[in-house]
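Asker: Coordinates for the following, if possible.
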Amino acid sequence: QVQLVESGGGLVQAGDSLRLSCAVSGRTSSTDVVAWFRQAPGKEREFVAAISRSGRTTYYADSVKGRFTISRDNAETTTYLQMNIVKPEDTAVYYCATSWGTLSRPTVRMSYNFWGQGTQVTVSS
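Answerer: Take a look at the predicted model:
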C-alpha cells in the first residue's frame, strides 16, 4: 500500500501565495506520477497538476497554468504544489494522489488508486 498525507492548507487572501506538501510513504518504489486534484463544494473533483517520477514531465490544468508549480523531492518522497496569485475560485479541498505503474492518462481521476485525506484551501476576496 501507499499512504499520502497533505499539509499546508489554510485561509489566505486573493493574490497571496501558499505551498502545499504531500508526503508519500509505503511501497513507493512502484509509483510513478503524483498528482494534485481539488474539489470545491458541490463540484466534481478536478485535476490540478501532476508530475512524473523523474520530475522532468509536468501537467497542469488550464485554470492554474502560470500560477501553480508542481515539484517533487524524491529524497524525501514529498511532492509540492506552489500556489501563487491565488483566486477565490481556487477555494477547495486539495488532494494528492498516486498509483502503481506507469499512467497513460495522468490527468484523469480514475487513473489513481491511492489518495490522501485532503487539505482545505480557502481564498478570501
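
Asker: Tell me the spatial nearest neighbour of the residue most central in space within the chain, not counting adjacent residues.
Answerer: Taking Cα atoms, centre = their mean, the centroid of the chain lies closest to residue 36, which sits 2.0 Å from it. Leaving aside its chain neighbours, residue 36 sits nearest to residue 48 (4.3 Å; criterion: Cβ to Cβ, 6 or more residues apart in numbering). C-beta here means a position set from N, CA and C on the backbone, and glycine is covered the same way.

Asker: what does residue 69 give?
Answerer: Nearest non-adjacent residue to residue 69, counting by Cβ to Cβ, 6+ apart: residue 82, 4.4 Å away.

Asker: show me the contacts for the one you found.
Answerer: 17, 19, 68, 69, 70, 71 (Cβ atoms under 8 Å, 6 or more residues apart in numbering).

Asker: run the last query once more with 7 Å
Answerer: Going by Cβ atoms under 7 Å, 6 or more residues apart in numbering, residue 82 touches 19, 68, 69.

Asker: And the next helix or strand past the helix or strand containing it?
Answerer: Taking DSSP states H and E as the criterion, residue 82 maps to strand 78-83. Downstream of strand 78-83, the next assigned helix or strand under DSSP H and E is strand 92-100.

Asker: Describe which strands that following strand pairs with in its sheet and in which direction.
Answerer: For strand 92-100, the paired strands and their directions (DSSP bridges) are strand 31-39 (antiparallel), strand 114-115 (antiparallel), strand 119-124 (antiparallel).

Asker: Turn the ones you listed into a markdown table, columns for distance to residue 96 and mean pLDDT.
Answerer: A markdown table is the format used below for the strands paired with strand 92-100 (distance: least, Cβ to Cβ, whole Å; pLDDT from 0 to 100):
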| stretch | distance to residue 96 | mean pLDDT |
| --- | --- | --- |
| strand 31-39 | 6 | 94 |
| strand 114-115 | 8 | 97 |
| strand 119-124 | 9 | 98 |
